[in-house]
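Engineer: the amino acid sequence is not available; the structure is as follows:
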Ligand SMILES: [Zn+2]
């Protein structure tokens with residue numbers, strides 16, 4: 001997955017489309033894009049993961065995924081993501097099993113979005129969109145279920 005910030009469902013979005021999505025977000029008023037990881041410092045132009053210098057140096061990455069209703073009714077499931085199910089499994093399955101925290105609610109995330117923040121493959125935090133605030137348990141459960149999948153695409 002080399003395309004920056006490509007929230008894919010089968011195929012990668014063009015860089016322009018990704019830019020549009022980001023500009024349409026709740027941070028749309030800010031002209032210079034902020035780092036996708038720390039949300040504080042400006043992004044290095046054209047940085048692969050949309051990061052600032054410090055986050056890039058620390059090897060921190062924010063992977064965004066989109067949730068939707070799970071098939072068959074109850075709960076949530078991952079519908080699209082910046083990393084393929086197989087990679088999610090490889091890198092985060094065990095860490096997600098152990099995860100006992102509460103995801104932080106972040107206004108920069110769009111409807112049904114969830115973000116994994118990792119530093120060199122170590123899971124640091126999970127962030128969720130405000131519409132998932134009262135469904136954080138289901139959201140984390142959806143990530144865990146997704147990390148069991150071995151498919152190459154969502
Ligand atoms: Zn940063």
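Structural biologist: Right, received. Where do you want to start? Values in this document were obtained by computation on a predicted structure and should not be read as measured data.

Engineer: next, the buried residues of stretch 58-75.
Structural biologist: 60, 61, 62, 63, 64, 65, 66, 67, 70, 75 (16 or more other C-beta atoms under 10 Å). The C-beta positions use only the backbone N, C-alpha and C, and glycine is treated the same way.

Engineer: need those residues in CSV (columns: distance to residue 95, secondary structure and pLDDT).
Structural biologist: Shown next, in CSV, are these (distance: C-beta to C-beta, whole Å; DSSP: H, G, I helix; E, B strand; the rest coil; pLDDT from 0 to 100):
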residue, distance to residue 95, secondary structure, pLDDT
60, 15, strand, 97
61, 14, strand, 97
62, 15, strand, 97
63, 13, strand, 97
64, 17, strand, 97
65, 15, strand, 98
66, 20, strand, 98
67, 19, strand, 98
70, 22, coil, 93
75, 21, coil, 93
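
Engineer: correct me if wrong: residue 110 contacts residue 128.
Structural biologist: No. With contacts counted by C-beta atoms under 8 Å, residue 110 stays clear of residue 128, the gap being 11.1 Å.

Engineer: those two - which one has more neighbours?
Structural biologist: It is residue 128, of residue 110 and residue 128, that has more neighbours when counted by other C-beta atoms under 10 Å, with 22 against 17.

Engineer: right, I'll leave it there.
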